[in-house]
Each structure stands twice: as structure tokens, then as C-alpha cells.
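>>> everything below, folded, please.
(chains A and B)
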Amino acid sequence: MFRPVSSKPDLVAQEHDILNIWRERRTFARLRAQNAGRERWSFLDGPITANNPMGVHHAWGRAYKDLFQRFWAMQGRDQRYQNGFDCQGLWVEVNVEKDLGFTNKRDIEAYGIAEFVSLCKQRVLTYAARQTEQSIRLGMWMDWNDPHELRRLRDRLAEDPSQQVTIRSTAGIDVTDTAEMLVGRLGMPDLGGSYFTFSNENNYLIWSFLAECHRRGWLYKGHDTMPWCARCGTGISQHEMTEGYADREDPGLTVKFPLVDHPGESLLVWTTTPWTLTSNVAAAVGKELRYVKVRQGEEIFWLGRGMAKRALEGPFKVLEERLGQELEGWRYTGPFDDLAAVQSAFAGADGKPAYEHRVVVWDQVGEEEGTGIVHIAPGCGAEDFALGKSLGLPMIAPLDESGIVLPGFGAFSGRDVRDVADPIIESLKHRHRFYRLETVTHRYPHCWRCGTPLVFRLVDEWYISMGAVYDVPREQLTPEQVDASLRYQIMEVIRDIKWIPGFGYERELDWLVNMHDWMISKKRYWGLALPIYDCDCGTINVLGSREELAERAVEGWAEFEGHSPHRPHVDAVKIRCSGCGQPVGRISDVGNPWLDAGIVPFSTMPHGAAAVDGKSWFPADFVTESFPGQFRNWFYSLLAMSTVLRRETPFKALFGYALVYGEDGRPMHKSWGNAIDFDEAAERMGVDVMRWMFANARPEDNILFGWHAADEARRRLLVLWNVYSFFVTYARLAEWDPRQAAPAVAKRAPLDRWILSRVARLANAVEMEFKAYDALAAAKEIDGFIEELSTWYLRRSRKRFARNADPTDRAAAFATMHQALEALTRIMAPIMPFLSESIYQNIVVTSVAGAPDSVHLTPWPTDELKGLNDRALQASMEVAMRVVDLARTLRSQTGIKVRQPLARLWLAMPGADRLVERDALLELVKDEVNVKSIELIGDESALVDRRVKPLLPKIGKKLGSAIPAVMAAARENRFELLADGSVLMGGVTLAADEVEILATPKPGTVVAHDEGLVVVIDTELTAELRAEGDARELQRAIQDARKEAGVELDDEVKVRVDAPAAARNALEEYIRSVEIETRSTIVFGVVPPSADTVAVELDSGAVTIGLAGKAVAP
RNA sequence: GGGGGAGUAGCUCAACGGUUAGAGCAUGGCUCUUAUACAGCCCCGGUUGGAGGUUCGAAUCCUCCCUCCCCUACCA
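Coordinates of the predicted model:
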């Protein structure tokens, strides 16, 4: 017998039970064994940053990942099930710094890089363990490391990285190595478990990638002015800029640059970054722009003509007008010519000034903002740098890597760049160079990690060239051009990918066209050690492997030996320069973390000789990640690296989804009170509710996640639960068991055959949707099925499950419901692994011989159910359901309750003869809407009129301006039906296929209609009908009373009914059937005051009923 | 600043140029039911952001304006 099921499930507790069952029975391991060696489905997990606990936003993507893995497992596919952790980079560093209370890089150096890097590793292990536990809670089936082992490894690493430690692989084999080396070997085949991007293998493979880039001449050192975060002390690459833009208020400062050759006259220049004025080198004007000389009081200024009104304060008089090019070469006195840094930058070889501030022409000068004369500081802006370089201007770089003004800048030296604006303005006022100060709000880049406003700094960084952008359409490129430009090669590669949603392809393409070279260096500590050895002789050595490092090492190897390829140990090694033969050290930079994530197809899916059994998992069939940002990050790095190494795509299909927002439509934010922690969500709403919510979200839109949304999602699941609970309750009462013989499907009621056909169709539809990676469409199918299972199949079948039902029919109903539920649990298992498992365990595992002991070990049911499909029956049933809807509408319009039986229902149904099982279906309708008989009438009936609906899309173009007349005729029912089926109306003749003939009710009767169906009810109530209605009303009241009294379903009760004589008479005929339905014995008479009483207003009079206790002792 | 979207019921979103703009949620009302803290139905709710234009007909196409979002960008 089935285990009893509460009607109010504790979903959360149930999920924990299921987790225990899976663990005890090693269900996942058995699933893997079951599919091992079969056709593969290769999923590549995008690494989650192991830096914090997992959030509900991670849960969205992880729900998709698990969903599709489970689905393909049910398709019998072999899989890798490897989760990934992203480990290296600034994310982790910033948090470790925060924990230590550090404010900048000098603190790290003082603390010790080795210790700092070790803490970074420990933090990764801490959160990898945590996220592993959370992911398991989510139901995600992966080849997980034991979280306790990860924590133990972390603790051993903290104690002494060189100590020998033994850990158990996920396959159960003990492996011994030093703590540091074991950490570096995580995710490798011998240890199993999640891959970690800090692994030795991952790092060395990036080396080989970089060496390959170098071999092809694509790796170079750039000297440029880059966005720079002073707090983090590192440049920010173009890939990282997106999230960092925010509105910011800055000073809008207008200053005077006195002209050397025009005494008393000054240029007016505008800037929002006062600190860059110390490094001013030139002032740029537009060649074709017009400039004016104006007088204000005693002073004379030059500025753009179009800007004068806005930029000048107070009245002015225009004295002269010139083109920008006429100003070229004018010399002016710089704002801070007395600074040593300026003097030395301008000095020639002999120490005398070789350069003077002057006006230059620049095509990018515009007239939208400022004064039309642009302050140029090549050391403080990328565009300024480019201009300065092309004109051979001196460069002045005022900041060190922490944003502190360098020596040589007088009183400003040693101050933080963020604090020098005011002193500079003061100083300018002092020097009579100040003109005006306002406040400007503009979009300004900030550090994506720590939020510090970026500055621009002149630095050396390392880049991978993305190749030329040719000024011709792509299809006209020659193969040679494509071979020379990586970006076009990537563009070719991405054509082979199925992008879901489709706009992903365009977006990636757009990024590829516009992207700059890939800046891969970071002046930090925790990350990939770039294998670049930049020799003073001009030779750049790039190593491709640990072996090459060993081979070429000339010193420091002993210090490195036994360590992961991280700073500081790897920095100890010096190699022999291939150019000059001298020892050369590694550059101190670490790598861009997207290199770490981009190499994982190669580090986790070895191919060729490296493949474990000669078969490669590369390329992946599927990847899925949140798309905002990833087009320039993970997707990009995957594609770039795979294109360089193999010139083919690393994945065949990409499914992108948007962001998780709070219920209020804003990003989740702790301080806004709309954030929900994953753990809290899991333990309060349950993960299946969450997964159901996620599956029902439109992936291309942001999902609004919250408690109300969860309640709504849970509702549909409770409908299913109620069906299940009903089934189990009655199966237990009937002691029904799936092993009992049931009538053959063909012999069952049409209702049974219909729901089985329905579930067969569901299996097929959901399979198709999952294969198209459309979880939403699949969820909608399932949702629709649950709705019909509950509100039609079960609703119409309820009586069939009762004890007094026909035994054969009852057996058929039980068997049908059982099969439908069993199939449904399998179909929804990928989305809701717990709920489906819980139902399956109870109704299948306990009682079906030979059934797998988990729903997740069952195959996808489409093939098993195929034979049950019956399209004609489904179409007919839909008509019946619509008739019921119409009849209900009529009842509610006339105010006649469904409990009140009606004599007749008239039904006009075009094509009624095409319906299969017509009589049986009409019986269902009769029962459902409580009418004694249904009479079919033709559309010629006196009850309906005909109406003509012109099919506008067909006739619109043809008729043009005649349309209004035709439509008016249609509205007013003015038309003539011709013998050949055509229709004359509004002065034109419409062919039969240009119109639809509708049956519509004649006014004056109670009718409802819908697409040709017309339903009319007979509202006349005879005395018998009223009496029967009263009986049902009484029955209902007794059931209510039973419920109030908390009587068990199976208990017999005694009921006293206090009714006037008229009511007694009316009810008399039906008392016996009411007794049966309500499992009671009815006695008319006074209700004792002690009983639970209920008052009912019957048609035949007011009655009071009272439960007088149980009739039969239990 | 450049490019692309989107503005439709209180909220979240639908609606090949086709005449009465629909769903879900929320509010309110009703109903069904020992599946009993389930569910169903109905009502209410709209100048389709605004103004013009094209068309027999516009939420839909065009122009301008307003607002928001996304992508992109160091314009000083």
C-alpha cells in the first residue's frame, strides 16, 4: 500500500528526505554507471567564482544546468558532470585584503606575497566547499568533491603547504601528495570532482596558449594610457569596463592659458579632471571650427565661437573671429610651468627647454561641451596619448600605481589624486589662471570590483592582438586577410554555434568587430603567472609549459620546485634569454582571469592523445550562462582561445539567460531589502519551487524573484500535490495496488483514454522542447497538463474512485491515474527532481515490480507512451470541455447554482458527427453541469441566427475602401447566402472561403456561444428539480459539517435534520442517496443543542442539521 | 556621445496592418468541492507615452517629441 500523504506537504522537509535517499542509495553514481560508455552529451560548466556563498541568481543558471543534464541522462547519454570553480583574480584578492584590513598593494607586499596567495587559495577552498553544499541542496547532480575534504585540505594548506596529505578522490581512491600540490591537482582525472581554475594544469595550458599567440606574433607589450584603479593598483581592461560606468559629479573647471605672443590674451580651456592640468602639454582646437576673441572687462579670451555664450560668465564683446587652423602653433604659458616634472619633460638633451606649450589641431575637438579648446595631457588620457604620440609631444605621467602624485609636482607631490582638485584650483586662483568652476554630472568609469573612480595612467601592459579591422564587408575578405586577423577567425567560428536567444550571435559579432586588443596583464599577486620573460636585449621570451621552464631555467628552480605556478615562487626562476643568453626574470604581472576560464575546454576536456579513452568530449554540446557581460568575458575568452588553438568552436549550442532581480524590479541589494539569500530561499520556499519558478521564466528577460512569486509558483505544484494526495488517499481506502489487474486501456472509459493520450502527447512535446533548450515551453506544457489532470480528469472521475463505484471502472480509473502520475513524475523530473522523486517513490517504487528505485534512473517515457496517443479523442474532449465552460457561464449569468439540476441543455455543435465517443462525452458534460438531458440541435434551430464574419486578412487588400460597407453589413446582419456558398453583402460578393459562417444566439433566450458552439439551458424548474436541488444542498451541508467536526473520510456519522414538513416531503425521495454519499444515517427531528449545527436555506424551507456523533464505533 | 530596444489594465507581459486590444497576478463578487489553508468563474480595470502622417483600416508602418532599458564609449 502507498504511504499516506498529507494534503499539506512540507516540501522543504521532503527535499531533505530525498537528499538522504539519494545519498544512501548512491542514486547519482548508479545513474552514471547506467549511462557509462553510451552516446555522449557533453556539457561544459562555466566556472562559478568561489569567493562568496552562492546567491539565488546563481541558482537560476544552475537550475538550467541540472535540468538539461538530467534530461539528457534520461535520454541515456553519458556525461561528465563536472562543476567548475573560478579561483584566481581580483575578486578573491579584494576580499582577502578586506579580511586583513588592507587598503592598498603596499600592505600586501609587507604582509608577504606567499602568505597572501595562500590565503587566496584558502578562501577559494572555503567557498568551493560552501557552494558545493549549496548546489547539492539545490539538487544539482555533479561529480562533487566532499566539502569536508576541501576544508581539510584548506586547513592543511594553511598549516604547512609542504606537508604530505592524503585525500580521497571522488572515485574513492586515496591520493597522497603535498598539500599545495593536491590543491593544484584538484579536478584532474585522478582526483575527480570540480575543476578549479587555479589548478596547475589549467595554468600551464594557458602558458601554451600564450606561447602559441607569441609564436604567431600576436602577443605584444603596449605602452599606453589606460584606465587604472588606484586602490587595486592595476589597469582595467576593456573587457572589464562595462559594469563600471556610473554617474558622478565632477568639477567643471575653466582655466586661462595666457598666450606668449599675444600679451594680455588667454585661451580658455575646460576640464573635468583638474589633477591632469599639472601634466598639460598642449591645447587642441578644431581645424575648421570658428574661434572668437572676446573682451570681458580688462581681459581678452579666445574660445570656440559656438561655446562663448555658455562658457563665459557675464557680458562679453566679440573682437575678432578666426578658424581653428589659424591658431595652430600659438604658444602659451602652461598652468604649472614651475613644476620640476614639467620642466624636465620639456627639456631637451642639453637641459634647455626643447618644447613649449602650444596650440595643436585635432579633428576630435567638438563644440558640445567646454570651451572648444581642449586641454591635452598625453600622460592622463588615452586619446590625449594617441594625439601626443602622433605629434611627438612630451608626456608627463603624474601618478604612481596607487594614485599618489609623484615627486616633481611641488606641493601636490605625495598627495592622493582624489584629494588634489581643491589645492589645484586654489593654486590656479593664486596664479590668476582660474576663470570659472561649476559642477558637472557625467558618466564616468569606476572599478568594477571596488567602485573606485578610475584614473588614466601611462603604463606598460601586455596584449593579445585581435587583428586588423578591414574596411571592407566581411564576405569580401581574402583568406589571407582572415588568417592574419584573429577577430575574423572568431567571427567565422561563431557561425557554427546555435545561439539561444538568437540575438546572442549579433551581440557577439558586434563585440568582435569593435573590441580592442585583449589586455591580459594585471599588476597584481593572485593569478596566472604570465610566462613572459621580457629581456633588456629586446627579446620577449614566452614559455609554453612547465617543462620548458625547467629546461631553460638558469637559477631559482630549486625555490620553485614543489610549488604551484603562482607568485612568488615562480618568480624566483630565471631563464636564459633566447636572444642574448643572459638570465632574465619573469615579468611580475599576473593574467587576466578570463584566460583562466577560457582555457577550461582544453584543461577539462582533453582531446587527442591526452583524452582518457581516446574519445574527446570536445567540443561541448552545450554551455549556458547569464548573458549580460559574458559576450565580452567567458563566451569571448572561450572562443578566442579555442580559435587560436584549434580554429573551431569549443561548444555547439549556447543558451543565455538574463539577470535575477528583486520582486520590486530592481537589482537585489541588501540595503534595499529585496535581496534573498539562497539558503533562506531553499529552506523557506523549497528548491523545487525555486526551480519551477526559474523554468517558468523567460530567459531573455530579467526574472523578478521574491516570496510572492514563489507563492504563485507553488500554487500549481499544490494542484498536482492535491491530485496525488487524492489518488493515494482513495487508493489506500480501496486497498488498490498497481499490481492488481486492470482493464485493458482500450476497454477503459473515454476519459481514461483521453488523459493517457494527453500524457503521451506531453512526453513527446516536452522532449522536443528540452531538446531545443526551451525550458519555458516545457514548463508551460507541464503546467497545462497538471491543470487538465486536476480540473477535468480528476474532477470528472472523482465518483469513480468512491467505494460504491463499479469495481471494473474503478480499477480502470486507478490504473489510469497511476499511469498518468507515474509518467508525469518522469516528465517533470528534470525540472523538479525532488517533488517528482517523492511522488515516484511512493506510487512506483513501493509497489511496481522491477521499477528503478529512483525516478531519475528511468528513461524518458515518450516511446513507452506512444501507443496511447489518440488525436481524435483529444480534439473531441476539447469540444466537450468548451461546452462545459459555456454552460457554467450561463448558470452564473442566470444565478442558478450548479447544485440545482436542470431539465435540459440544448447544444448546437457544427460537425457534431465528427466527434468520437460523442455520447460518452456528452454524459460527462451532463454530469458536470448537472442537467438531466442534452439535446443536440442543428444550426438551423430556432435558437440561433446565422452570422457572417468576413475574413479580413483575405479580402482586405482586394476590397480596399469597400471594407467599411461590408463590415457594417456584417455587424447588422445584412447579407444574402447564395446557392454556391458565396455571400452577398455590403454590395459585394464574397466567396465561401472568404467568410466564416457563425451560429449566434437569437436575442431573448439564455444562450452562450463560442466558435460555432451554442449552448442553451432550460431555466424552468419543476418541483422535482427543486427537490433534487435541495437534496444536493443538504448533502453539501452535511459534508461541510463533517469537515467542521473533523470526521475521518471513512467514518459513519449520525445526522439529525430539523426541517419543516414541506422540506421533509421534498427531501424524502433522496434521503437514502444522501446518506450513502455522506456516509451517514439521517434522522429527522430536533437537533440537540450540544451538536455541531449548520443552518441551510433550502428551496423548500430553512433546515438545521447537526452531527450527532459517530454512528458506528471505529 | 553613438547604436539597438521598449513604452499596452494597478503590476508582469501578449496581440502576421484587419475593425470589440487579450492573459496571469492584485482588488472585488460569485461558485464548486470532504482533493477542504485546494480550485474554478465573473466583474472591475485601457485616449495602447504624446503629437502629426500613410491607409478602407494603426498598438502594429513613417516623422517629431517625452520616458525607460540594453549594448557601446576615457570626448576635454
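>>> nearest residue to the middle of chain A?
Central residue of chain A (Cα atoms, centre = their mean): A:Tyr657, 3.6 Å from the mean position.
>>> thought that one was touching A:Gln630?
No. A:Tyr657 is not in contact with A:Gln630 according to Cβ atoms under 8 Å; the separation is 10.4 Å. For glycine as for every other residue, the C-beta is placed from the backbone atoms N, C-alpha and C.
>>> how many neighbours does A:Gly55 have?
Per other Cβ atoms under 10 Å, the neighbour tally for A:Gly55 reads 17.
>>> typed the wrong thing, it's A:Trp60
Number of residues near A:Trp60 (other Cβ under 10 Å) recorded here: 24.
>>> where are the low-confidence patches of the stretch 1001-1114 of chain A?
Within the stretch 1001-1114 of chain A, the stretches with pLDDT under 70 are A:1001-1012, A:1090-1092, A:1109-1114.
>>> who in it is up against RNA strand B?
Contact residues, the stretch 1001-1114 of chain A versus RNA strand B (Cβ under 7 Å from any atom of the strand): A:1032, A:1035-1036, A:1039, A:1042-1043, A:1047-1049, A:1051, A:1077-1079.
>>> could you work out the most separated pair of those?
By the measure Cβ to Cβ, those have their two most distant members at A:Arg1032 and A:Glu1048, which lie 22.9 Å apart.
>>> of these two, who's got more company?
Set side by side, A:Arg1032 and A:Glu1048 show more neighbours around A:Arg1032, with 19 against 10, by other Cβ under 10 Å.
>>> correct me, but the more buried one touches A:Arg899?
Yes. Counting by Cβ under 8 Å, A:Arg899 is a contact partner of A:Arg1032 at 4.3 Å.
>>> need the helices for the stretch 651-800 of chain A, in chain order.
A:678-684, A:687-695, A:707-733, A:750-771, A:775-788, A:795-797 (DSSP state H, counting those that start in this stretch).
>>> for A:Thr49, which non-adjacent residue is closest in space?
Excluding its sequence neighbours, the residue lying closest to A:Thr49 (Cβ to Cβ, 6 or more residues apart in numbering) is A:Asp86, at 4.5 Å.
>>> can you pull the contacts of that neighbour?
By Cβ atoms under 8 Å, 6 or more residues apart in numbering, the residues touching A:Asp86 are A:47-50, A:197, A:593, A:596-597.
>>> likewise for A:Val1057?
Applying Cβ under 8 Å, 6+ apart to A:Val1057 gives the contacts A:1034, A:1067, A:1082-1085, A:1087, A:1103-1105.
>>> hmm, back to that, beta partners for the residue nearest to the centre of chain A?
Per DSSP bridges, the residues bridged to A:Tyr657 are A:Ser626.
>>> flag every residue of the stretch 201-350 of chain A that's near RNA strand B.
With Cβ under 7 Å from any atom of the strand as the criterion, the stretch 201-350 of chain A meets RNA strand B at residues A:225, A:227, A:238, A:241-242, A:245, A:269-273, A:276, A:284.
>>> of the residues you listed, buried ones?
Applying 16 or more other Cβ atoms under 10 Å to these, the neighbour count classes A:225, A:227, A:238, A:241, A:269-273, A:276, A:284 as buried.
>>> show me which residues of the stretch 501-650 of chain A are close to RNA strand B?
Residues of the stretch 501-650 of chain A lying near RNA strand B (Cβ under 7 Å from any atom of the strand): A:507, A:510-511, A:514-516, A:628-629, A:631-632.
>>> redo those residues as JSON lines? Include distance to A:Lys670, secondary structure and neighbour count.
Listed next are those as JSON lines, based on distance: Cβ to Cβ, whole Å; DSSP: H, G, I helix; E, B strand; the rest coil; neighbours: other Cβ atoms under 10 Å:
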{"residue": "A:Arg507", "distance to A:Lys670": "30", "secondary structure": "helix", "neighbour count": "18"}
{"residue": "A:Asp510", "distance to A:Lys670": "34", "secondary structure": "helix", "neighbour count": "12"}
{"residue": "A:Trp511", "distance to A:Lys670": "32", "secondary structure": "helix", "neighbour count": "17"}
{"residue": "A:Asn514", "distance to A:Lys670": "35", "secondary structure": "helix", "neighbour count": "11"}
{"residue": "A:Met515", "distance to A:Lys670": "34", "secondary structure": "coil", "neighbour count": "17"}
{"residue": "A:His516", "distance to A:Lys670": "35", "secondary structure": "coil", "neighbour count": "14"}
{"residue": "A:Pro628", "distance to A:Lys670": "20", "secondary structure": "coil", "neighbour count": "15"}
{"residue": "A:Gly629", "distance to A:Lys670": "21", "secondary structure": "coil", "neighbour count": "16"}
{"residue": "A:Phe631", "distance to A:Lys670": "28", "secondary structure": "coil", "neighbour count": "22"}
{"residue": "A:Arg632", "distance to A:Lys670": "27", "secondary structure": "coil", "neighbour count": "22"}
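>>> of the residues you listed, which one scores lowest on pLDDT?
Of all these, A:Gly629 has the smallest pLDDT value, namely 78.
>>> ok so, going back, okay, the residues of the stretch 501-650 of chain A next to RNA strand B in JSON lines with distance to A:Val440 next?
Listed next are these as JSON lines, based on distance: Cβ to Cβ, whole Å:
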{"residue": "A:Arg507", "distance to A:Val440": "32"}
{"residue": "A:Asp510", "distance to A:Val440": "30"}
{"residue": "A:Trp511", "distance to A:Val440": "30"}
{"residue": "A:Asn514", "distance to A:Val440": "27"}
{"residue": "A:Met515", "distance to A:Val440": "29"}
{"residue": "A:His516", "distance to A:Val440": "27"}
{"residue": "A:Pro628", "distance to A:Val440": "28"}
{"residue": "A:Gly629", "distance to A:Val440": "28"}
{"residue": "A:Phe631", "distance to A:Val440": "31"}
{"residue": "A:Arg632", "distance to A:Val440": "28"}
